[in-house]
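> Coordinates only, no sequence provided:
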């Protein structure tokens, strides 16, 4: 039986607004995305798995830079958007990342990209094992997630830091506020040991700062100053 999919529950109700917002908002377009792209190698001719592709912004970028892309998302609205955005040049499937990736053979990808997806999954080990399986030897795994220190000290200091805890938050910045966005918070050792126990070698850890072209306005200046002092996201590049 397919497990409950938090990403699908979260995004189906405002997928269109989310897709419009992340194209140019501060946290995605000028913070998370530049950091993730900075960890990528030359992607031309690489076989890349976009795991949790959302509306297809990364898939589009990868195709424009010469990669061969297979992408999945559990949210049907995002699958359609990604297919449209990539003009059918990517193989985009509706798939729950918590299920075995039965469509992919062992060693069939050079790189797995998984930005801001893992926070919606409680148990990481089986997901990482599938990523490890489908990567060739020397293949790269790049992902981002909520920064454990930020989520604990800034948002949920009442938690036991060492526990994996499910929370609901209200998201703003996508038109009407979204009050019931669910995700898991976990410790730094929970993040890193999931990789190590799978067999990945951690190649680089990035705690990003705002991109140089971050739009500094009256509405975003406080966000900019906060991100200069404390990271909101954690980015990791690992190698099989």
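Received, thanks. What you see is a predicted model, and the numbers here were worked out from it, not measured in a lab.
> can you give me the end-to-end distance of stretch 121-130?
With CA to CA, to the nearest Å as the measure, stretch 121-130 spans 14 Å from end to end.
> What are the contacting residues of it?
Stretch 121-130 is contacted from outside by 6, 97-98, 100-101, 118, 141, 164, 166, 184, 190-191, 194-195, 197-198, 200, using CB atoms under 8 Å, 6 or more residues apart in numbering. Glycine gets a C-beta too; all of them are placed from N, C-alpha and C.
> where do the strands sit along this structure?
Ranges of strands within the chain are 47-51, 68-73, 91-94, 109-115, 135-146, 165-171, 178-185, 201-206, 233-239, based on DSSP state E.
> Which of those sits closest to residue 26?
With respect to residue 26, and counting by CB to CB, the nearest of the strands of the chain is strand 233-239 at 12.4 Å.
> Parallel or antiparallel, which strands does that closest one pair with?
If you go by DSSP bridges, strand 233-239 pairs up with strand 135-146 (antiparallel), strand 201-206 (antiparallel).
> most neighbours per residue, which of the ones you listed?
Between the strands paired with strand 233-239, strand 135-146 has the highest mean count of neighbours, a mean of 20, where neighbours are mean count of other CB atoms under 10 Å.
> That one versus strand 178-185: what angle between them?
Put simply, strand 135-146 runs at 130 degrees to strand 178-185, going by axes from the mean of the first three to the mean of the last three CA atoms, to 10 degrees.
> For residue 31, see how far away the residue located most distally from the centre of the chain is.
Largest separation from the mean C-alpha position in the chain: residue 218, at 28.2 Å (CA atoms, centre = their mean). In this view, residue 218 and residue 31 are 18 Å apart by CB to CB, to the nearest Å.
> again with residue 75
Distance from residue 75 to residue 31, by CB to CB: 22 Å.
> can you check residue 179 too?
For residue 179, the distance to residue 31 equals 23 Å [CB to CB].
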